[in-house]
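*Asks:* Sharing a model that was predicted from the sequence below.
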Amino acid sequence: MSEFKRHTIESAPEESRAILQGAKQSMGAVPNLLATLAESPQTLKAYNHLHEQFANSSFNAEELTVVWQTINVEHECRYCVPAHTLIANSMKVDAKVTDALRTGQPLTTEKLQALHEFTLSMVRARGNVSNVDLEAFYAAGYGQQQVLEVILGLSQKVISNYVNHVAKTPLDEMFQPFAWSK
């Protein structure tokens, strides 16, 4: 039983069905990540809630993308990098930002670069960022609220990235044009 089940709306536990139905209505299909998460309604609900909260944080679309993709690339998630490329496109994020994140190139502004570097430090140091990291982040125009919101985004991405690694989640057709590997 090493292969993880990907649920349909009909096969999912009752507590997971509403989220899967909502995804199908908004995206036209149930993404494989959500179909996999559906096995544990609590994990699916937590992931969905974290996503909603992070999407409604103080970050704009480009900043959300920087946090998500910085973590996805650092975690080498071959599912989430393409998925968040499509999401960034739907949010009208400048393709230069998305391409830079996917390829490890410098970002288009100093503020976005500072967000990227701080997020990377947070991931690599597992939250044990230095005062130098914090001061550079604050100097770029961010504050304590954004420090906490980076941690919120990281919490969401740990669920999806780790699930995709352990479940070897196959890339959905809608994400195929944005396939990625490090």
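*Replies:* Received it, and whenever you're ready, just let me know what you need.

*Asks:* list the contacts for Ala88?
*Replies:* 61, 65, 69, 97-98 (Cβ atoms under 8 Å, 6 or more residues apart in numbering). Yep, even glycine has a C-beta here, placed from its N, CA and C like the rest.

*Asks:* any idea which helix or strand carries it?
*Replies:* Ala88 belongs to helix 80-90 when assigned by DSSP states H and E.

*Asks:* That helix: which residues count as buried?
*Replies:* For helix 80-90, burial by neighbour count (16 or more other Cβ atoms under 10 Å) applies to 80-88.

*Asks:* Alpha carbons of the helix or strand that it is followed by, as CSV, please.
*Replies:* With elements assigned by DSSP H and E, the helix or strand that comes after helix 80-90 is helix 95-103. Taking Å, rounded to 0.1, in the frame of the first residue of the first chain, the C-alpha atoms of helix 95-103 are listed here in CSV:
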residue,chain,number,x,y,z
ALA,A,95,6.1,36.7,-15.8
LYS,A,96,9.6,38.2,-15.1
VAL,A,97,8.9,37.6,-11.4
THR,A,98,7.7,34.0,-11.9
ASP,A,99,10.6,33.2,-14.3
ALA,A,100,13.2,34.6,-11.9
LEU,A,101,11.8,32.5,-9.0
ARG,A,102,11.7,29.3,-11.2
THR,A,103,15.3,29.8,-12.4
